[in-house]
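K.L.:
Sequence first, predicted model second:
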Amino acid sequence: MDNPGYVILTRQSGLMRSMDAIAHNIANISTTGYRREALIFEEFVRATGHGTDSLSMANANVRNIDRQQGPLSQTNGTFDFAIEGDGFFLVETPEGQMLTRAGSFTPSAEGELVAPDGARLLDAAGAPVFVPADAASVAVSADGTLSVDGQPFAQLGLWEPLDPIDLNRRAGSRFLPDGGAQPIEGGVILQGFLEDSNVDAITEIARMIEVQHAYEQGQKFLEREDERIRAVIRTLGQ
């Protein structure tokens, strides 16, 4: 295969990965705290020799996480928390500490606040958040101060990865910060709310149609290129 064929194949491969990302976004429209994902196309240019044109190929291996705020839904749940602004909750999982915007928690048998799968919510110091079993009332203020029966008891933490682009998606709405995370200030925590997915269905479907059309154009180009090469071979063979 000559250079045009290799170029279009790299583009087709990137479009396939882009379609996978779009399909994953659509599948998670109803996932609490989900962050939309997109692929970034970049150009790879390489010289092919003195006096000849350079070779340009498309590469789409960089994933971009959309940090835009998702809609907030009121649940009135005592242990449902939503973040307004920057930051993530920090949870402890078997794979390590992860960041998430999904704020649905319940007290475990030991009194620790845990996600539906048992991941423990960590406070501003990185310690598990504990709520006494005999607590009559639990309130969380905008700065994350958790009060039990009117008395400050814990401080919910908001966290960010040390590297702003260091967000490696794991299951659903969780991210593993390979370089570590740090506590931040400025975000607002709302009790009795959950943040919905920030995926817009109409935008994703429109993007899916656009990518599919681009892929079909690339496929037609490959077919025409294949026919051109076959024609040259037939002509030379006569």
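P.N.:
Everything's here; your move.
K.L.:
how far out from the middle of the chain is the lengthiest helix in the chain?
P.N.:
The longest helix of the chain (DSSP state H) is helix 201-237. Helix 201-237 has its C-alpha centroid displaced from the chain centroid by 30 Å (Cα atoms, centre = their mean, to the nearest Å).
K.L.:
now do stretch 83-90
P.N.:
In terms of Cα atoms, centre = their mean, the centre of stretch 83-90 is found 14 Å from the chain centre.
K.L.:
circling back to that earlier point, mind listing what's buried along the longest helix of the chain?
P.N.:
204, 207-208, 211, 214-215, 218, 221-222 (16 or more other Cβ atoms under 10 Å). All C-beta spots, glycine's among them, are computed from the backbone N, C-alpha and C.
K.L.:
next one: stretch 112-129
P.N.:
Of all the residues in stretch 112-129, those buried under the rule 16+ other Cβ under 10 Å are 112-115, 119-124, 128-129.
K.L.:
Averaged pLDDT, it. What do you get?
P.N.:
What stretch 112-129 shows for mean pLDDT is 94.
K.L.:
Pull the residues that contact it.
P.N.:
Applying Cβ atoms under 8 Å, 6 or more residues apart in numbering, the contact partners of stretch 112-129 are 79, 89-93, 97-98, 100, 102, 104-108, 130-131, 144, 146, 154-158, 183.
K.L.:
Counting neighbours, which of the residues you listed end up buried?
P.N.:
Buried among the contacts of stretch 112-129 by 16+ other Cβ under 10 Å: 79, 89-93, 97-98, 100, 102, 105, 107, 130-131, 144, 146, 154-158, 183.
K.L.:
pretty sure residue 214 contacts residue 16?
P.N.:
No - checked against Cβ atoms under 8 Å, the pair residue 214 and residue 16 is beyond contact range at 10.9 Å.
K.L.:
rewinding a little: same list, the buried residues of helix 201-237, but as TSV with distance to residue 187 please.
P.N.:
Listed next are the buried residues of helix 201-237 as TSV, based on distance: Cβ to Cβ, whole Å:
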residue	distance to residue 187
204	26
207	29
208	32
211	34
214	38
215	39
218	43
221	48
222	48
